[in-house]
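Undergrad: okay, here's the prediction I keep looking at, along with the sequence it came from:
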Amino acid sequence: MDTVNKIIKLVSQEPDLTNAEIAKRLNVNTSLVRDTRAAHNVETNSENPCPSDTSQSQSLNTSSPAMRYAKAEADQKSIAEDEFNTEPDMKGRFAYLYQSIPDAVVETEATQSGVIIRRVNSGFEDIFGYNDNQVVGCPINECIIPDGTNNEPPELQQDDSQGACQETVCRKTKTGVRCFLHRHIPYEHDGNRYAFEVYSDIEDQKRRQAELEYRAQQLDEEREQAEEFVSILSHDLRNPINIAEGYLHQLQTEANQETVEVIERALNRTKQLIDDTLELKESSDPNLEKSIASIDTVAQSAWELVDTGNSELRITDQFNIECDTERTSRLLENLFRNAVEHNDGPVVIRIGIHHTMTQATRGKTETAFFVSDDGCGIPEEKRDTVFELGETESRTGTGLGLAIVNRVADAHGWNLRIIESPDGGAKFIFNHVDIQ
């Protein structure tokens, strides 16, 4: 607004100055001077008075009604060129927006010789390096279309039935060729066809997108290589383990029984590591085969695969969930095994719906279930690290069980957190679950 005030002040002090002279003196665009005068009803002489008519211009600066009428007629051509809303306040607001928007904006007119520039905003000058005085009346193609390209801007047609449109284009700027999102907004006035051409720079956005796509491709390749390595490693390890187990039984005697048992435990742990590693790889696959399953059925099938001893499973709520049943069974299997192996005595494991306090009074609120136990629990300071690979305090565990649980939950889009259960043990809560 300080610039607008300067324009008004300068016009009142030197009314004979043209818009171009004022623009040059204040280092602003000519269109801003023209719009400010129109918006604030500032009296002005003809836009381009003849130098020989200085005396006439001075006589027009009188306050008589006749001279004011004559002056208004002289300015009619300049005022008619303003295609904005005729309401003064609206014109002022629109002019301010036109000049303040950081995107490059060009107002064009369709003539018999082609599409020419009527005015440009300061954003256009900053990006393309041209101001009003340099490009008004020039064909738009000559200013910003890169050399040797047929990527023409949409021209105004006789039947412009498509209306506004947009496309990604390359344009010649003062710093080189850059990519823009080009919006073409046509309009008509007094039977003539005009348009606003808005150019939003997306060069940085395209570069970031290309970097993200390249990084995603790299991650896919790294994941494929890791999966191939795991498959080969597990296959190559099983053969020597099977051979070692076969010879171990042949060598077993009463005298070396304890030694043989130690070797057997080591081989069993190695096989468990192989199985868990393969399971960890499969758990990360985002491609799920979902179906509606009873939590009771899934939990019971997982319970049968774990050496639970005297521990007990209790389903406190009967409900269905939409899930990949095979992977969900694997998730529960690892939770059951984790609870049994990390407690000296038998534990009671419970599964049910987790009810969250909510301000909602309508709609579905059951979107979480829990798996809890009454064991020794997980210290609060370790709850953020137990899902890391190899994290375990068990002598027999591989440290991959809870990492598998976390990856299965991630593949389903479930949010997993740990709190203390009412019995003092660990309570695993799965949020954002589709509970039927």
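TA: Arrived safely, thanks for sending. Numbers count the residues shown, from 1 in each chain.
Undergrad: please spell out which residues along stretch 317-330 are buried.
TA: By neighbour count on 16 or more other C-beta atoms under 10 Å, the buried set for stretch 317-330 is 317, 319-321, 323-325, 327-330. Glycine gets a C-beta too; all of them are placed from N, C-alpha and C.
Undergrad: please flag which of those residues sit within helices.
TA: 325, 327-330 (DSSP state H).
Undergrad: can you tell me which of those residues is nearest Asp16?
TA: Nearest to Asp16, judged by C-beta to C-beta, of those is Arg327 at 83.4 Å.
Undergrad: contacting residues around that closest one?
TA: Counting by C-beta atoms under 8 Å, 6 or more residues apart in numbering, Arg327 makes contact with 282-283, 288, 408, 411-412.
Undergrad: for those, work out which two are farthest apart.
TA: Greatest spatial distance among the contacts of Arg327 (C-beta to C-beta): Glu282 and His412, at 13.8 Å.
Undergrad: show me where pLDDT drops low in the stretch 251-400 of the chain?
TA: Applying pLDDT under 70 to the stretch 251-400 of the chain flags the ranges 281, 284, 356-365, 389-399.
Undergrad: at 50 instead, please
TA: For the stretch 251-400 of the chain, the stretches with pLDDT under 50 are 358-362.
Undergrad: what are the ranges of the strands in the stretch 51-200 of the chain?
TA: 104-111, 114-120, 165-173, 176-189, 192-201 (DSSP state E, counting those that start in this stretch).
Undergrad: could you list the buried residues of the fourth one?
TA: If you call a residue buried by 16+ other C-beta under 10 Å, then strand 176-189 has these buried ones: 178-180, 182-184, 186.
Undergrad: one step back: in TSV: the contacts of Arg327, plus distance to Gln217.
TA: Output for the contacts of Arg327, formatted as TSV (distance: C-beta to C-beta, whole Å):
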residue	distance to Gln217
Glu282	22
Ser283	23
Leu288	23
Val408	26
Ala411	21
His412	25
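Undergrad: please list only the buried members of the residues you listed.
TA: Buried, going by 16+ other C-beta under 10 Å: 282-283, 288, 408, 411-412, out of the contacts of Arg327.
Undergrad: out of those, who's nearest Leu251?
TA: Relative to Leu251, the closest of the buried ones among the contacts of Arg327 is Glu282; by C-beta to C-beta it sits at 35.6 Å.
Undergrad: what sits against the closest one?
TA: Arg327.
Undergrad: that one: which element?
TA: Take DSSP states H and E as the rule and Glu282 turns out to sit in helix 257-283.
Undergrad: residues of that helix that come out buried?
TA: For helix 257-283, the buried set under the neighbour-count rule, 16+ other C-beta under 10 Å, comprises 267, 270-271, 274, 276-283.
Undergrad: equivalent analysis for stretch 375-393, please.
TA: Across stretch 375-393, burial judged by 16+ other C-beta under 10 Å covers 375, 377-378, 386-387, 392.
Undergrad: please identify which pair of those lies farthest apart.
TA: Farthest pair in the buried residues of stretch 375-393, by C-beta to C-beta: Gly375 and Phe387, 18.0 Å.
Undergrad: so, low pLDDT: which residues of the stretch 51-200 of the chain?
TA: Scanning the stretch 51-200 of the chain for pLDDT under 50 picks out the ranges 51-74, 76-86, 155-159.
Undergrad: fine, thanks again, bye for now.
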